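S.K.: okay, sequence plus prediction incoming.
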Amino acid sequence: MKHFADVARVPGDPILGLMDAFRADPNPARLDLGVGVYKDASGLTPIPRAVKLAEQRLIETEQTKSYIGGHGDPAFARHLLELVLGAGSALLHDDLAGATQTPGGTGALRLAGDFIARNLPGRGIWLSDPTWPIHETLFATCGLKVGHYPYVGADNRLDVDAMLAALEQVPVGDAVLLHACCHNPTGFNLSPRNWKRVLEVVKARELLPLLDFAYQGFGDGLDEDAWAVRLFAAELPELLVTSSCSKNFGLYRERTGALIVRAETADKLADVRSQLALLARNLWSTPPSHGAAVVAGILGDAELKALWADEVEAMRQRVTSLRSGLVEALRPHGLAERFAHIATQRGMFSYTGLNPTQVQRLREEFSIYMVSSGRANVAGMAEERLAYLAEAIARVCD
Ligand code: PMP
């Protein structure tokens, strides 16, 4: 018997395929706006200096490589909770929120999905249309029924009214995934007023929000980006938040993140956490240690924390200035108005509004690579290449 005879080949991740095509492109003018990692002006995804320093310290001080517990490093959890919920958060003082360390934000999402599937049977989960593609497959893999609410209209504008109208129809008690800031793939964020409108619907329908917080610090600032998370945590007795340290600490491959739970009582929090530990045991047993130890080392040291905060701010400012720079570069082509949204979107990604044919032409005629939905990674741009990019966009928009 050939056990693998009926195993079919599935296509690889389209974004990774795009990366391969980019690498194989001999055109020296090529530009990679596809892959979802931060890049500096030289096209590198840097290791922050604060991370390097914390790693050096860790090498000298780490005593053992024995397993860490199911919830991970308690120091990491404490510091991350303060970073996400705010240092003076009453929830932390009252033991109403806890963090379970996970392999990256993806691990946190998987743990949240398994928790909902196993412990809240019958609940579906609702995702924005569009959303990060892994949300779709990940929650389906957990066995959850996945539904969608509109987010961006055909005119490439945020459509909050349509979003709210759809959420009002969601079955009472279902889970709803919201991007806490820097929406991936669109870059369109909810305003504070619109967050409050969403909160009202969440309350009215008794929905369980799952806030995906993968880009803290990349939108408007470390605290500013946490505004919606903190609002929901203060206003709702129950909440799930997935936090990723991949982007803001540059720890992508170290797989560092956490699932944060806010519960109504300390006792209920302990119940939920016991279930999470059980689920995690069957997923990855215990989480990887290195990245979390680095984060704890940075956030637990005033000097390293200040250095790191400056480095995150520099990444944020670079992305923000590339956004406005591109709009300015499009101005001589008469396209500044049409693409003005690129400057007001937040985070690394932009739904440019370019259609798949235009994206294909950019690639074939100009060696500019972006996802066929028209999503561009703004961090992939370079100040001195904006004129080339604008010229190319103008040509395919003719
Ligand atoms: N959520 C969103 C919206 C993301 O874009 C990402 C990373 N691309 C993640 C979660 C997960 O990040 P990681 O697992 O690398 O921490």
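M.R.: Cool, the structure landed.
S.K.: flag the shaky bits of the stretch 51-200 of the chain, pLDDT-wise.
M.R.: Of all residues in the stretch 51-200 of the chain, none has pLDDT under 70.
S.K.: give me every residue in the stretch 151-300 of the chain lying close to the ligand.
M.R.: Residues of the stretch 151-300 of the chain lying close to the ligand by C-beta under 6 Å from any ligand atom are H179, N184, D212, A214, S244, S246, Y252, G257. For every residue, glycine as well, the C-beta is placed using N, CA and C.
S.K.: any idea which of these is closest to W308?
M.R.: Ranking these by separation from W308, with C-beta to C-beta as the measure, puts S246 on top at 14.3 Å.
S.K.: among the residues of the stretch 151-300 of the chain next to the ligand, which one has the most neighbours?
M.R.: When neighbours are counted by other C-beta atoms under 10 Å, G257 leads these with 32 neighbours.
S.K.: returning to what we had before: dump the residues of the stretch 151-300 of the chain next to the ligand to a markdown table, plus secondary structure and distance to N355.
M.R.: Output for those, formatted as a markdown table (DSSP: H, G, I helix; E, B strand; the rest coil; distance: C-beta to C-beta, whole Å):
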| residue | secondary structure | distance to N355 |
| --- | --- | --- |
| H179 | strand | 23 |
| N184 | coil | 20 |
| D212 | strand | 27 |
| A214 | coil | 27 |
| S244 | strand | 30 |
| S246 | coil | 30 |
| Y252 | helix | 30 |
| G257 | strand | 34 |
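S.K.: need the max-distance pair from these.
M.R.: H179 and Y252 (18.6 Å).
S.K.: quick check, pLDDT for V396.
M.R.: As predicted, V396 sits at a pLDDT of 97.
S.K.: what's the answer for P26, then?
M.R.: Reading off the confidence values, P26 has pLDDT 96.
S.K.: assign a three-state SS to it, would you?
M.R.: Counting by DSSP: H, G, I helix; E, B strand; the rest coil, the backbone at P26 sits in coil.
S.K.: ok, it to D20 distance?
M.R.: Here P26 is placed at a distance of 14 Å from D20 (C-beta to C-beta, to the nearest Å).
S.K.: more neighbours, these two?
M.R.: Comparing P26 with D20 by other C-beta under 10 Å, the one with more neighbours is D20, at 10 against 6.
S.K.: quick check: the more buried one vs the ligand, distance?
M.R.: As judged by C-beta to the nearest ligand atom, to the nearest Å, D20 and the ligand stand 18 Å apart.
S.K.: nothing else from me, thank you.
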